[in-house]
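**Student:** sequence unknown, structure follows:
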Ligand SMILES: Nc1ncnc2c1ncn2[C@@H]1O[C@H](COP(=O)(O)OP(=O)(O)OP(=O)(O)O)[C@@H](O)[C@H]1O
Ligand SMILES: Nc1ncnc2c1ncn2[C@@H]1O[C@H](COP(=O)(O)OP(=O)(O)OP(=O)(O)O)[C@@H](O)[C@H]1O
Ligand SMILES: [Mg+2]
Ligand SMILES: [Mg+2]
């Protein structure tokens, strides 16, 4: 590797990493939050079998899963202004990524909810809970750990997909690499460098995933031992004696 | 919509659809075949717990899942020539997409294989099958139906991802739309048209998926009834009488 | 106290219940026995509206409801006075033993928290699970889980409790601890309907036994009478098959 | 014929088998009984090398093997002469009943196809499953599946067949049909080791009974003797607990 | 036989009978696809004419801007003909032939914009241009904040939707756009005084020396024969092949 190339790579590292931290990371996280919200909504509407809304949800999912993400980005950024809605690049990107991933997360949540044994819902009914209550108190809390690995895989995919935001003027990790490449005419080396930084980010996410998954098991840990619903009427077992 | 725009959209429809059929579809299918092969290999190596190969497989998966696909495309197309391997654009794209998706399919196969109850392998051992035989005769045939829905979802994602091949000079569906947009200066309309064609393709794939899934259940259907292993020694039950 | 009339139920055109009439008086323990597939589970599920009957009435708590056209509100009202113990326990796996019992009192019945707490400890003591209040269901043996499930069912003092083969998912040694709890409840005068394959339990504990087959009640009567002197040939056959492997 | 000596096995430091000696003669039916968790399943799994013992020898077919250092080839050789019937049947769900039985003969033992075919029909007739040869396991009841699993195990004429609670996953009414098949095999002189909770079966069919607890053999002896006159206090307790709910 | 060709690029090209030319294929009127889908444009025809002079066939490869240079670096393409302007930064890495076109850069703003009248007015304003283009560099030099989008239509969209204040491009490209969208609500407010030189880049070094000489010779013949003028008139409606 020539000295010039080494120098370019070294000097550009921080100039790629910083937009990565300042733009790619918040873009990824905000889009992900939005996608979880949309996905949950779409899943609930389908699982609860609400007539028209269910069809709307299925249509939404069909469109967003059936067309390329890049086109969705373009439509939201360049197309919405003609409807009088002009979003800045960053919020437009959050909206596009969030809506797109929402369609995928909907399926994740739906299958996680379906995976909860039917007996749990029936038991909830039989102790007198209504459907929404049973969902909120019993089914959803059990679905999250099931959905979690897939949600997280989607998060990691999203991280890499945010590189598409460069096409609607968001200056994130990959755009920064492209900018330097455009000046130095070394795209190959700089893309590899960007890939390395993506690899660091996604590896960190994978570790985070494993760490959270360990915590997500229903099992009484030591500090759980005092977590029973406290009613402020004393914890004295003697009262029942 | 102006007459001019309508005319552009109408006249360009076939000019986008045809490269879609001639390039996007074969590119998708060939890459998918490769990815299934690679994925299966990576999964088997991991499940069988073969020492060094297992680490290699995990490294492969880590790299290919941790970096953006576009970078992988660039490295295979622009980077391999410096190692003396110069592939044409189309085979390079097949290789890149196949290797990338292979990393994802590896996980699909791995979890499908792990999903088969342990008892199946143990029963195979106890009737005298070796590990490779047990895999080939019992575990894999049962894993395929489990893996199938996820493999197919990956196929649909791949279909849309092939639009990235335009960056390494493959003229496929999306590139064709871009070419027309470059002359008519109507990128937005043409991208929507391309999206529509992707939607048609992916919807067709979804139908195909449902149709195949229906066939994939182990259940004796009518024409199954004569499918027992025939040994050419007659099918006469009387012989045991 | 609880009466159902003329329940019909088919699954995809196959009739499973074909006109069941069935009655439980306050304080009674009714055992429902019968071969596999005879519709015992389906009957309990129709009574508790987990399955929608195709026809039939239910009289519960002095109200008569049509089982097909009953409103969601009425279903909830019926369930508020009914306990159900499932074959597979169905404890809420995201809640501790304590919260499993509390849930029905506090969230569903808006009971005062102090009172609910007291009640929860009371029923958990009754089933002998006071030492596991802070454990999650996954940490308990099958027998322990079923005892908690019984505590959860009896905590709101329901008018009747339905049991669907409460011990058939348990190892023989764990079966005993659950049956003991149920015997205790029976002695205290709890109204119970128990689908069971445990002939010993049916004979000794039930006040009345109902023998079902093919979606109809073949024979019913006092437990002793039915066991010692079945009127129907089919009942006789079934009872002798059941005792063969004991 | 089959003998194991001094088997030790721990799971994550918890000892489950603590020095088991155990022997089966040709033509014998040995029942292994004992409370849940006593290590019965683990014992069968160690004998068949589904679990690797921490210590122990096995003498089978006149060969002595160290159970820790045995080679893959020797394991396969042992298994070729051993049948195993699982609690959960474990029929190959991707194969028809016919292929389930054929597989061990043709693929594993390279038996001539005609001969294998003949043998397959023969054993399927023995378990009364000739009318379901072309069905997949998912289409059969539990009892039928277990009968096919037995056919699969006996087809290669193994020297010994191990059964791990073959009926405990079955409804009481289906239990009978499986036990009947096993009785038939016993009468024909098949060498069998049966872990079971069916005391009736152990008493009537087994020539010898082994009572295990906590990873050791507490008592063993002729079936009649052990049931009617157990020497150990613990055996007496267990037997009375088991008969209580029958 | 390959040895005989040596490392000299021109001999290699002659040996294989074709020259591999990279271009975007999506930049009217330089290189684009006409209604029938055929690859046309000023650059395309210049490329064909040069190949003819060299006595070989022209093979065109279409790719994205940054990929063009990477492909040439790694030996996939022999030359790039894509309206490439000569700049100091580019000279550092590539060798250029004699220019075959001269273009002026136009400054475009929305019709109702009265603030920006000269390039100097760009200071502190937002512009939109494709990444790595000379226009993006130029706007940055005048102190503008540049937002990158890929194509001319998108840069104009950015101006029309008010997201940016101005965009820069070759004068002729705007005229081409206006041909398709005569009512577009933008105006050209300034032009650069000096035209920049458009040339053909190739890898640096001895390897390409003879090729460059041959192309220079071909270009001067094409100029003197009037072919360049003719092509320029056809695609730009004026002669941009001369200063
Ligand atoms: N959800 C369902 N869909 C279709 N068929 C069903 C369903 N539930 C039960 N059945 C059928 O209804 C019949 C009666 O079933 P049910 O479970 O009520 O019998 P059971 O008497 O409880 O038997 P077991 O003793 O095995 O529990 C069976 O043939 C069963 O296959
Ligand atoms: N794979 C394993 N990992 C960890 N512990 C195990 C494993 N298999 C069995 N054990 C433990 O070993 C002990 C003995 O188990 P085993 O299944 O052999 O008992 P068993 O006598 O067959 O009981 P049962 O009658 O319930 O089948 C139990 O405490 C069990 O939890
Ligand atoms: Mg039932
Ligand atoms: Mg066991």
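**Tutor:** Cool, got the structure. Worth saying up front: this structure is predicted, and the values here are computed from it rather than measured. Residues are numbered from 1 along each chain as shown, chains lettered A, B, ... in the order given. Ligands and ions are numbered 1, 2, ... in the order given.

**Student:** where does chain A get nearest to chain E, residue-wise?
**Tutor:** Closest contact between chain A and chain E, by CB to the nearest CB, is at residue A:182 (2.7 Å). Using the backbone N, CA and C atoms, a C-beta is placed for each residue, glycine as well.

**Student:** wait, a strand at that residue?
**Tutor:** No: counting by DSSP: H, G, I helix; E, B strand; the rest coil, residue A:182 is located in no strand; its state is helix.

**Student:** name the element residue C:200 belongs to?
**Tutor:** Here residue C:200 sits within helix C:199-205, counting by DSSP states H and E.

**Student:** so where is the chain shaky, pLDDT-wise?
**Tutor:** As the question left the chain open, I've gone with chain A. Scanning chain A for pLDDT under 70 picks out A:1, A:219-241.

**Student:** you answered for a different chain; I wanted chain E.
**Tutor:** In chain E (pLDDT under 70), the answer is E:1-6.

**Student:** in it, which spans are helices?
**Tutor:** E:2-5, E:9-16, E:42-54, E:65-73, E:88-93, E:134-141, E:152-160, E:171-180, E:209-225, E:227-236 (DSSP state H).

**Student:** check contacts around the residue most central in space within chain E.
**Tutor:** The centre of chain E sits closest to residue E:83, judged by CA atoms, centre = their mean, with a distance of 1.5 Å. Residues near residue E:83 by CB atoms under 8 Å, 6 or more residues apart in numbering or on different chains: E:27, E:30-31, E:43, E:101, E:103, E:170, E:198.

**Student:** how close does it sit to residue C:85?
**Tutor:** Distance, residue E:83 to residue C:85, using CB to CB, to the nearest Å: 81 Å.

**Student:** stretch C:183-197 vs ligand 1: in contact?
**Tutor:** No: Stretch C:183-197 stays clear of ligand 1 (CB under 6 Å from any ligand atom), getting no nearer than 6.5 Å.

**Student:** tell me the centre residue of chain A?
**Tutor:** The residue lying closest to the centre of chain A (CA atoms, centre = their mean) is residue A:32, at 3.0 Å.

**Student:** so it sits against residue A:158, correct?
**Tutor:** Yes: between residue A:32 and residue A:158 there is a contact under CB atoms under 8 Å: 5.9 Å.

**Student:** which residues are common contacts for those two?
**Tutor:** Common neighbours of residue A:32 and residue A:158 (CB under 8 Å, 6+ apart) are residue A:101.

**Student:** how about the backbone phi and psi for the residue nearest to the centre of chain E?
**Tutor:** Backbone torsions of residue E:83, given as degrees, to the nearest 10, read phi 60, psi 40.

**Student:** ok, which stretches of chain A are strands?
**Tutor:** Ranges of strands in chain A, per DSSP state E: none exist.

**Student:** in chain A, where's the longest helix?
**Tutor:** helix A:187-215.

**Student:** how big is the angle separating it from helix E:65-73?
**Tutor:** Angle of helix A:187-215 versus helix E:65-73, following axes from the mean of the first three to the mean of the last three CA atoms, to 10 degrees, is 120 degrees.

**Student:** does helix A:187-215 reach chain C?
**Tutor:** No: applying CB under 8 Å from any CB of the partner chain, one finds helix A:187-215 separated from chain C by no less than 13.8 Å.

**Student:** any buried residues in that helix, and which?
**Tutor:** A:187-199, A:201-202, A:205-206, A:209 (16 or more other CB atoms under 10 Å in any protein chain shown).
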